[in-house]
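A.B. asks: build me a model:
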Amino acid sequence: MNIDKTIFAFAGSMILLSVALAWLHSTYWLLLTTFVGANLLQSSFTGFCPAAAVLKKMGVRSGKAF
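C.D. replies: Numbering: from 1, shown residues only. This is a model prediction of the structure:
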């Protein structure tokens, strides 16, 4: 699996997890959803994703976007 697919899987998992936690515990978990969405949006403009930098240091194979 390359960095692109890993980032998409991680972001999708975080969004689903935060929505589930907001439904089960507190609506403040929606702040995590907001953070993930904002990070995806800024990375589409800048090409920089902090998670991609961490994954690259961990040795995950590069993709086309990151």
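
A.B. asks: the helix or strand that contains Phe10 packs against which elements?
C.D. replies: For Phe10, the host element (DSSP states H and E) is helix 3-24. If contacts are counted by 3 or more CB pairs under 8 Å, 6 or more residues apart in numbering; DSSP states H and E, helix 3-24 sits against helix 30-46, helix 50-57. The way it works is simple: take the backbone N, C-alpha and C, and place the C-beta from them, glycine included.

A.B. asks: of all the ones you listed, which one comes closest to Ala9?
C.D. replies: Between Ala9 and those, the tightest spacing by CB to CB is seen for helix 50-57, at 10.7 Å.

A.B. asks: and the closest one, what does it pack against?
C.D. replies: Checking 3+ CB pairs under 8 Å, 6+ apart, helix 50-57 ends up next to helix 3-24, helix 30-46.

A.B. asks: one step back: mind putting the helices and strands packed on helix 3-24 into CSV with mean pLDDT, mean neighbour count and distance to Leu16?
C.D. replies: Output for the helices and strands packed on helix 3-24, formatted as CSV (pLDDT from 0 to 100; neighbours: other CB atoms under 10 Å; distance: least, CB to CB, whole Å):
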stretch, mean pLDDT, mean neighbour count, distance to Leu16
helix 30-46, 95, 13, 9
helix 50-57, 93, 14, 16
